[in-house]
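Student: Coordinates only, no sequence provided:
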Ligand SMILES: Cc1cc2nc3c(=O)[nH]c(=O)nc-3n(C[C@H](O)[C@H](O)[C@H](O)COP(=O)(O)OP(=O)(O)OC[C@H]3O[C@@H](n4cnc5c(N)ncnc54)[C@H](O)[C@@H]3O)c2cc1C
């Protein structure tokens, strides 16, 4: 069947549904297409389920630490992985159904379930339906990268998607990739009770962060008994009995690591290879991301790309911000752009790492005259009271203008505290505004103004 719409949206991730809401609300006739799970990665296999699992892992960790707080647990503390998974499933399901019901009941909006493919710059096919529109929005997200490691195809590896079905405790989880996703899974499974080995090709974990941050995170994980193998250029994988063996070249130590299960966490790739983009003439970059301008328009007039598939962000908040930018430009005559946003994200290990703006290494590289302040969490009252003093916080400012250039808060509440810095950065206010702010006691945030009293030149 052929149907004409004012707008077609491909994908119901973090940008598509909200955009459908705005466009349909403005009176446009909208079609939205989903091939798998409503809500996309974040809701089903990404942020929500992982943070729900992190919460279970934190609960068992604190139960094991009960004695530190004078709390007596009479009996063994154990994890029921079936219930851990059930809790995670319930949280995801509520959100997934929320998105699905919202879209299916949305006035002016038709939901198609199936795989969407371009037939031309204005036509998209979903099964037997041919949809036509003057405006097409691509929000297809990404998936886990499977690296070309010899033997990997012979091994039952897990990805962030398939690990969502795990309702048992892997005796020894090998994790390929020491970045955000790998570290979150690593710490959570260690806390559930698995032996965990993280294999990272780079010389350090989360290699885009400053070295002191990488080092502190590594120490936090190792203190919990996680084994970290750096400089691991993985050569091959094989199955030996019920074990998975990964041959690594780590410069030192054993050249092989064996475990019961292998999780791949070596990055993501965009879902742009099966969209028929060549029929629409939409340009991709070398890594398969859709090339967009500052307002997320592709090279083909009338086609936009939002979220992970455009390579301009890899987070739920960047995908959602993409929706806001597109909606503002199309509906509100408000000229919002990708370049308006400040880099910000969190790593949800415990303690979490909250990040905003540049790293200190990036500041140094930029050649700007800068001042840096740093404070260990052992000197933060709130952290001491909670018995969670691992980590530190630091912040860099421009020595001439006072502009805040970047911050890292690795410590309890770091994912929330970072926003008091981020918002001052958005205001474009100098750090002195933050320095003079009266914050609430006792909080981690209250020490940010105090920390700013200790700014020192960055050498
Ligand atoms: C383990 C993990 C943890 C994460 N944790 C966080 C976190 O804590 N915070 C954070 O900000 N981000 C996190 N992320 C990243 C976040 O999930 C993504 O950045 C976000 O979901 C991207 O949203 P999106 O809208 O671009 O795409 P997606 O959410 O991936 O949605 C794309 C949708 O398009 C559909 N689709 C694809 N191709 C087609 C097609 N041809 N036809 C029809 N439908 C199609 C897909 O089925 C999917 O539903 C995490 C990711 C992972 C993997």
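Tutor: Received it, and whenever you're ready, just let me know what you need. Please read these numbers as outputs of a predicted model, since none were measured by experiment.
Student: Rounded mean pLDDT for stretch 355-373, please.
Tutor: What stretch 355-373 shows for mean pLDDT is 97.
Student: ok, that stretch near the ligand or not?
Tutor: No. Applying C-beta under 6 Å from any ligand atom, one finds that stretch 355-373 is not in contact with the ligand, the shortest distance being 11.8 Å. (C-beta placed from N, C-alpha, C; glycine too.)
Student: Helices along the stretch 101-250 of the chain, start to end?
Tutor: 180-192, 211-223 (DSSP state H, counting those that start in this stretch).
Student: will you turn the ones you listed into JSON lines that also has mean pLDDT and distance to the ligand?
Tutor: What follows is the helices of the stretch 101-250 of the chain, written out as JSON lines (pLDDT from 0 to 100; distance: least, C-beta to the nearest ligand atom, whole Å):
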{"stretch": "helix 180-192", "mean pLDDT": "98", "distance to the ligand": "5"}
{"stretch": "helix 211-223", "mean pLDDT": "98", "distance to the ligand": "16"}
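Student: which SS state does the closest residue to the ligand within the stretch 351-459 of the chain fall under?
Tutor: Going by C-beta to the nearest ligand atom, the ligand is nearest to residue 415 of the stretch 351-459 of the chain, at 8.8 Å. Under DSSP: H, G, I helix; E, B strand; the rest coil, the three-state class of residue 415 is helix.
Student: ok, now which ones touch it?
Tutor: When contacts are counted by C-beta atoms under 8 Å, 6 or more residues apart in numbering, residue 415 touches 346, 348, 352, 353, 354.
Student: Most widely separated two among those?
Tutor: 348 and 354 (10.0 Å; C-beta to C-beta).
Student: neighbour-wise, which of those two wins?
Tutor: Here residue 348 and residue 354 are set side by side on neighbour count (other C-beta atoms under 10 Å), and the busier one is residue 354, at 25 against 22.
Student: What sits closest to that one if chain neighbours are left out?
Tutor: For residue 354, ignoring the flanking residues on the chain, the nearest one in space by C-beta to C-beta, 6 or more residues apart in numbering is residue 418 at 3.0 Å.
Student: How about the helix or strand hosting that neighbour, which residues are buried there?
Tutor: Secondary structure assignment for residue 418, by DSSP states H and E: helix 414-427. By neighbour count, and taking 16 or more other C-beta atoms under 10 Å as the criterion, the buried residues in helix 414-427 are 414, 415, 417, 418, 420, 421, 422, 424, 425.
Student: can you give me the mean pLDDT across the next helix or strand after that helix?
Tutor: Using DSSP H and E, the helix or strand that directly follows helix 414-427 along the chain is helix 431-435. Per-residue pLDDT over helix 431-435 has a mean of 98.
Student: what's the burial count for the residue lying closest to residue 181 once chain neighbours are set aside?
Tutor: Beyond its immediate neighbours in the sequence, the residue positioned closest to residue 181 (C-beta to C-beta, 6+ apart) is residue 265, lying 4.3 Å away. A total of 26 residues lie near residue 265 under the criterion other C-beta under 10 Å.
Student: So what does residue 259 have for phi and psi?
Tutor: Geometry field for residue 259 lists phi and psi as phi -150, psi 180, criterion degrees, to the nearest 10.
Student: what residues does this protein put near the ligand?
Tutor: Proximity of the chain to the ligand is confined to 10-15, 33-37, 40-42, 45-47, 50-51, 115-116, 139-142, 160, 181, 271, 275, 307-308, 314-317, 319, 348 under the rule C-beta under 6 Å from any ligand atom.
Student: which residues of the protein score low on pLDDT?
Tutor: Of all residues in the chain, those with pLDDT under 70 make up the ranges 234, 250-254.
Student: Which residue lies nearest the spatial centre of it?
Tutor: Centroid check for the chain by C-alpha atoms, centre = their mean gives residue 315 as the closest residue, at 4.8 Å.
Student: Pretty sure that residue sits against residue 346.
Tutor: No. Applying C-beta atoms under 8 Å, one finds residue 315 not in contact with residue 346, separated by 9.1 Å.
Student: What is the neighbour count of whichever residue of the stretch 51-200 of the chain sits closest to the ligand?
Tutor: Of the residues in the stretch 51-200 of the chain, the one nearest the ligand is residue 141, at a distance of 2.0 Å by C-beta to the nearest ligand atom. By other C-beta under 10 Å, 25 other residues sit near residue 141.
Student: Strands of the stretch 351-459 of the chain, start to end?
Tutor: Listed in chain order, the strands found in the stretch 351-459 of the chain under DSSP state E, counting those that start in this stretch are 353-357, 370-376, 392-398, 404-410, 456-457.
Student: hmm, back to that, spit out the contact partners of the residue nearest to residue 181.
Tutor: Taking C-beta under 8 Å, 6+ apart as the definition of contact, the neighbours of residue 265 are 144, 160, 175, 176, 177, 179, 181, 182, 185.
Student: ok, the second one to residue 115 distance?
Tutor: Taking C-beta to C-beta, to the nearest Å as the criterion, residue 160 is separated from residue 115 by 21 Å.
Student: who's more crowded, the two?
Tutor: Using other C-beta under 10 Å, the more surrounded residue of residue 160 and residue 115 is residue 160, with 21 against 16.
Student: Surely that one is in contact with residue 45?
Tutor: Yes. The pair residue 160 / residue 45 is scored as a contact, 5.4 Å apart, by C-beta under 8 Å.
Student: Other residues contacting stretch 268-284?
Tutor: Residues outside stretch 268-284 that contact it (C-beta under 8 Å, 6+ apart): 10-11, 115-121, 125, 136, 138, 140-145, 287-291, 298-300, 303, 305, 308-309, 311, 314.
Student: In strands, which of those appear?
Tutor: 10, 116-120, 125, 136, 138, 142-144, 303, 305 (DSSP state E).
Student: thought the residue nearest to residue 354 was touching residue 347?
Tutor: No. Counting by C-beta under 8 Å, residue 418 sits too far from residue 347 to count as a contact (11.1 Å).
Student: Now do the shared contacts for those two.
Tutor: With contacts defined as C-beta under 8 Å, 6+ apart, the residues adjacent to both residue 418 and residue 347 are residue 355.
Student: Quick check on the residue nearest to the centre of the chain: phi, psi?
Tutor: Reported as degrees, to the nearest 10, the phi and psi values for residue 315 are phi -130, psi 160.
Student: Spit out the contact partners of it.
Tutor: Listed by C-beta under 8 Å, 6+ apart, the contact set of residue 315 reads residue 345.
Student: And it, how far from residue 341?
Tutor: Following C-beta to C-beta, the distance that separates residue 315 from residue 341 is 11 Å.
Student: again with residue 9
Tutor: Applying C-beta to C-beta, one obtains 22 Å for the distance of residue 9 from residue 341.
Student: Compare neighbour counts for these two and give me the winner.
Tutor: Residue environment comparison for residue 9 versus residue 341 gives the larger neighbour count to residue 9, 32 against 17, counting by other C-beta under 10 Å.
Student: Isn't that one up against residue 34?
Tutor: No. At 9.4 Å, residue 9 does not count as touching residue 34 under the criterion of C-beta under 8 Å.
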